[in-house]
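In: kindly return the folded structure for what I paste below:
(chains A and B)
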Amino acid sequence: MVALDLLLNALAAGILLGGFYAAVSLGIAVAFGLLDVVNIAHPVFVMLGAYVTYIMNVRFGLDPILTGLLFTPVFYVLGVVLYRVYYMSFERKGAESLRGLVFFFGILFIVEVSLLLAFGVDYRMVEASYIGKTFQIGPVGIAFRLLVPCVIGMALTGALYLFLSRTFYGRAIQAVAQDSFALRLMGANPFRVKGIAFGLAIATAALAGALLVMIGPVEPAMNREYIGRVFAVAVLGGMGSIGGTLVAALILGIAESLTSTFYGPSWSVAVSFGVLLLALAVRPSGLFGR
Amino acid sequence: MGGRAFAIVALMLVVAVLVVSSVLDNQYFYFAGYVVLQYVVLATAWNILGGYTGYVNFGTPAFFALGAYTAVVLIQSLTAPLPIQLVAGAIVSGLLGLALGYLTLRLRGVFFSIATLALAVVLQTMFVNWDYTGGARGITLARPATAPLFDSYVQFLFVVMLGLAVLAVATAWWIERSWIGRGLAAIRDNEEAAECMGVPTLRLKLVATTVSGALMGLAGAPFPYYVTFVEPTSVFDLNYAVNSLAMPMIGGSTTWIGPVIGAVLLGTAQQIATVTISSALNLLLVGLILVAFVILAPEGIVGLVQRLARRSRA
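Out: A predicted model of the protein is given here:
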């Protein structure tokens, strides 16, 4: 049965892809889902992470995952600074909706064009000993370049889930999402808590970028297709639910992989945006909505 | 400004542009001028929805490209003349705008904006996979060699776009002054309150999205004859989304003159920068100027001028 083999392989690739999509979407689930900060520029920070990984790999032969981990503090600081600017300019004045959106759109554009100026439109990739390997389970071939990002994506999801549910600051972040006024009455500073959360959201982009460049070659304009993916996952996952984000990412990964296997890869980008439009039109609160 | 004064000023500007262009008699001027005028149409169209109603549309490329591809289909099948292409492009993009308007029933604010972005990508994928219009490779079109009364066809297209720009600005001007404009402003300030006061919010939003979409389609319809080569990546370019939103934001998004100022300044600056520096660098400048304005001068140039005028009076 050739068709069955094809189906099984597509499903396996979809699940692996889904684990990676979870890593890319976590930052949006936190920033957009919990903080109501519409960071439409999140995918461009993932691209930034991918290019940092590329430079470190080509110049110093550094392992992609190690680079991703090493740069999370840098991206965290970037996120905290960005949130500070956003808060001072928009949120404090209550003008966040329209202008904040335009602000992040401008940031997206600036980072993308800067990457374009620095690296051009050529595709860039990284090398590591384990990236090219594959192994077989029955008829299903599993590629390491997909398996490693999936495992790390799931680990990151688990870590973030534990952080948000078990630690003091994690609970504070969830509290600020529910009622920031009540949090202020409890003596905590919502601005500081949101800054930490937004920093974390951007920090995940460093690691997600390392995974992205491991899966395949990257070019600066790629962030645009990820805008649809991350928002589709965040909306479908129920805005800020970490478990929901993982489930939605897996659904999207499988849907894209099946489409790309049976209809051709050129349609797979439309899947995420189609899912997004459908989710927005039919059930904006997502599968696991609050 | 009254209706007659507006018409006289518009007429004088059109005559001035025509005189200057015929004195210069430079083919490059028509090429560059066409792009600037196209941005006047796009920015004005964006502002009818974004500036007056407060719904941020990231999907300008979808409407622009739909207008362009409608023209491509008409050229391919019937070699239809330009006026028919324009009307058809406006109708098709207007219908897409109408559909988008119904989407506002469920999607407010940010969700609406993300949906418009999604719309552009889904539409682009469809055209990438549609062979009749050239698919991903694009399609080359033969443009008529000459137009009656004009030296070259590019000059003719320039004058057509000038006419479309006047039409777009006049439409925005009229909407702003009519009860529609007041209703749209009420929606922008507080949609629920407007609804409660008996403002027909859905009907007004449908008018805004349809007119805005139709004008964007109108801007895209002459594009195939202008470039004579149409491919999905060039007509669905994100630059259209950024520019059509940045220009009203920089000029000032609450009046009809804001997008015009923004489009003329930013559009001209980009045309000069593309020639003298590089096209990537000039896009970076657009991004930086947009972010600077949205943080420091959210009311745009019009707002800055008004603030200065008030201060000098006091």
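
In: please count neighbours and contacts with C-alpha atoms only from this point.
Out: Noted.

In: and A:Q136, what element?
Out: Element membership for A:Q136, per DSSP states H and E: strand A:134-137.

In: contacting residues for residue 53?
Out: In the absence of a named chain, chain A is used. Contacts of A:T53 were listed using C-alpha atoms under 8 Å, 6 or more residues apart in numbering or on different chains, and they are A:P64, A:T67, A:G68, A:V126, A:G209, A:A210, A:V213.

In: that was the other one, I meant chain B.
Out: B:T53 neighbours (C-alpha under 8 Å, 6+ apart): B:L184, B:A185, B:A186, B:I187, B:R188, B:K205, B:A208.

In: pull the distance from stretch A:85-97 to the chain's centre.
Out: Relative to the centre of its chain, stretch A:85-97 is centred 24 Å away, using C-alpha atoms, centre = their mean, to the nearest Å.

In: alpha carbons only: can I get it in CSV?
Out: Coordinates of each C-alpha in stretch A:85-97 appear next as CSV, following Å, rounded to 0.1, in the frame of the first residue of the first chain:
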residue,chain,number,x,y,z
VAL,A,85,9.0,51.5,24.8
TYR,A,86,5.6,50.0,24.0
TYR,A,87,4.2,50.7,27.5
MET,A,88,5.6,54.3,27.6
SER,A,89,4.3,55.2,24.2
PHE,A,90,1.0,53.4,23.9
GLU,A,91,-0.3,51.3,26.8
ARG,A,92,0.0,54.0,29.4
LYS,A,93,-2.0,56.4,27.2
GLY,A,94,-4.6,53.8,26.4
ALA,A,95,-3.9,54.1,22.7
GLU,A,96,-2.5,50.6,22.3
SER,A,97,-5.0,49.0,19.9
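
In: state the mean pLDDT of that stretch.
Out: Confidence over stretch A:85-97 (mean pLDDT, whole number) is 79.

In: what's in contact with it?
Out: A:R99, A:G100, B:G109, B:V110, B:I295.

In: most surrounded residue in those residues?
Out: Counting neighbours by other C-alpha atoms under 10 Å in any protein chain shown, A:G100 comes out on top of the contacts of stretch A:85-97 with 24 neighbours.

In: run through who's touching stretch A:121-137.
Out: A:53-54, A:57-58, A:63-64, A:141-145, A:213-214, A:216-220.

In: just the ones in helices from those residues, please.
Out: Counted as lying in helices by DSSP state H, out of these, are A:T53, A:Y54, A:N57, A:V58, A:P64, A:F144, A:R145, A:V213, A:M214.

In: all strands for the chain, in order.
Out: Went with chain A since none was named. Applying DSSP state E to chain A gives strands spanning A:134-137, A:140-143.

In: actually, chain B is the one I wanted.
Out: Using DSSP E, strands in chain B cover B:139-140, B:229-230.

In: deepest of those, which one?
Out: Compared across the strands of chain B, strand B:229-230 shows the largest average neighbour count, a mean of 21 (mean count of other C-alpha atoms under 10 Å in any protein chain shown).

In: that strand pairs with which strands, parallel or anti?
Out: Note on strand B:229-230: by DSSP bridges, its sheet partners are strand B:139-140 (antiparallel).

In: how many neighbouring residues does residue 82 have?
Out: If you meant another chain, say so; for now it's chain A. 17.

In: sorry, I should have been clearer: chain B.
Out: B:L82 has 17 neighbours, counted by other C-alpha under 10 Å.

In: list the contacts for it?
Out: Contact analysis of B:L82 by C-alpha under 8 Å, 6+ apart lists B:P222.
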